[in-house]
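A.B. asks: Sequence isn't available, so here's the structure alone:
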């Protein structure tokens, strides 16, 4: 199923997945299939510990390809399209490896949806974010926006199609950091390298934990995390981390 609509490069346990559909990286079925393939593959690959998701050009993604809308007159067409659309974001969120979004330009609609599924969001100074579906006769995106914005602000974005600059999202605490365009990817790779240096077992369970505690009460969430800590304490990586700390050296993790 591999295609060049999203390229993949792997080095030193860090994978870089790059949207590659010029001029604006509009998301079509082929790109969705490739994204799902990449993130499912990353879960199983021992040579990948972190994925950086970025894009070529000056636009991260202008959203879904409007030339490839499903035919509502064809039974099942819309439901299949919607199912694959949901699973694109799910493949990122459910990937066992952390995913860092390096947003190099406008991330609109489905493009915003991709980065909303990522674990850490970093952006260039010229990045813009929005859900402009209302401007093309569509609706959707509130489920993603609700993670980040207040009730009133979600409705403003949905009803107006307004676009927000990266600096505003950083001010609101929604994205991790904002960088000059030429610094964005190097800084995202630095972050990825830091994460890749940690215990793979620890990071895997940390991602599962951060995803699931969002759905729990504080009491249940803390107990859930304590169970993970107990399981981790019995791993070889945990023993190596403690030994390395005592011996004042870098740990050598084996992922078990």
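C.D. replies: The structure has been received and is ready for your questions. Computed from a prediction, not measured in an experiment: that's the story for all the values here.

A.B. asks: and stretch 49-56, how far from the chain's centre?
C.D. replies: 8 Å (C-alpha atoms, centre = their mean, to the nearest Å).

A.B. asks: Could you pull out the buried residues of stretch 166-175?
C.D. replies: Residues of stretch 166-175 classed as buried: 166, 169-170, 174-175 (neighbour count, 16 or more other C-beta atoms under 10 Å). From N, CA and C alone the C-beta is placed, and that goes for glycine too.

A.B. asks: hey, where'd the strands end up in the stretch 151-256 of the chain?
C.D. replies: Using DSSP state E, counting those that start in this stretch, the strands of the stretch 151-256 of the chain run over residues 163-165, 177-179.

A.B. asks: which of those sits most buried?
C.D. replies: strand 177-179 (a mean of 19; mean count of other C-beta atoms under 10 Å).

A.B. asks: now for that one, which elements pack on it?
C.D. replies: In terms of contacts (3 or more C-beta pairs under 8 Å, 6 or more residues apart in numbering; DSSP states H and E), strand 177-179 is packed against strand 120-124, helix 166-171.

A.B. asks: Select, out of these, the one closest to residue 211.
C.D. replies: Proximity to residue 211 (C-beta to C-beta) singles out strand 120-124 among the helices and strands packed on strand 177-179, at 13.4 Å.

A.B. asks: now for the closest one, which elements pack on it?
C.D. replies: Judged by 3+ C-beta pairs under 8 Å, 6+ apart, strand 120-124 is in contact with strand 99-103, helix 166-171, strand 177-179, helix 181-196.

A.B. asks: got those as a markdown table, with mean pLDDT columns?
C.D. replies: As requested, the helices and strands packed on strand 120-124 are exported to a markdown table (pLDDT from 0 to 100):
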| stretch | mean pLDDT |
| --- | --- |
| strand 99-103 | 98 |
| helix 166-171 | 96 |
| strand 177-179 | 98 |
| helix 181-196 | 98 |
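
A.B. asks: possible to save the strands of the stretch 151-256 of the chain as CSV with distance to residue 186?
C.D. replies: Listed next are the strands of the stretch 151-256 of the chain as CSV, based on distance: least, C-beta to C-beta, whole Å:
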stretch, distance to residue 186
strand 163-165, 21
strand 177-179, 9
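
A.B. asks: returning to that earlier point: let me have the buried residues of stretch 166-175 in TSV, extended by distance to residue 36.
C.D. replies: Output for those, formatted as TSV (distance: C-beta to C-beta, whole Å):
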residue	distance to residue 36
166	27
169	26
170	29
174	25
175	24
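
A.B. asks: So of those residues, which two are at opposite extremes in space?
C.D. replies: Longest span within these, C-beta to C-beta: 166 and 174, 9.7 Å.

A.B. asks: what kind of secondary structure is residue 144 in?
C.D. replies: helix (DSSP: H, G, I helix; E, B strand; the rest coil).

A.B. asks: so it touches residue 111, yeah?
C.D. replies: No. Using C-beta atoms under 8 Å, residue 144 makes no contact with residue 111, being 11.0 Å away.
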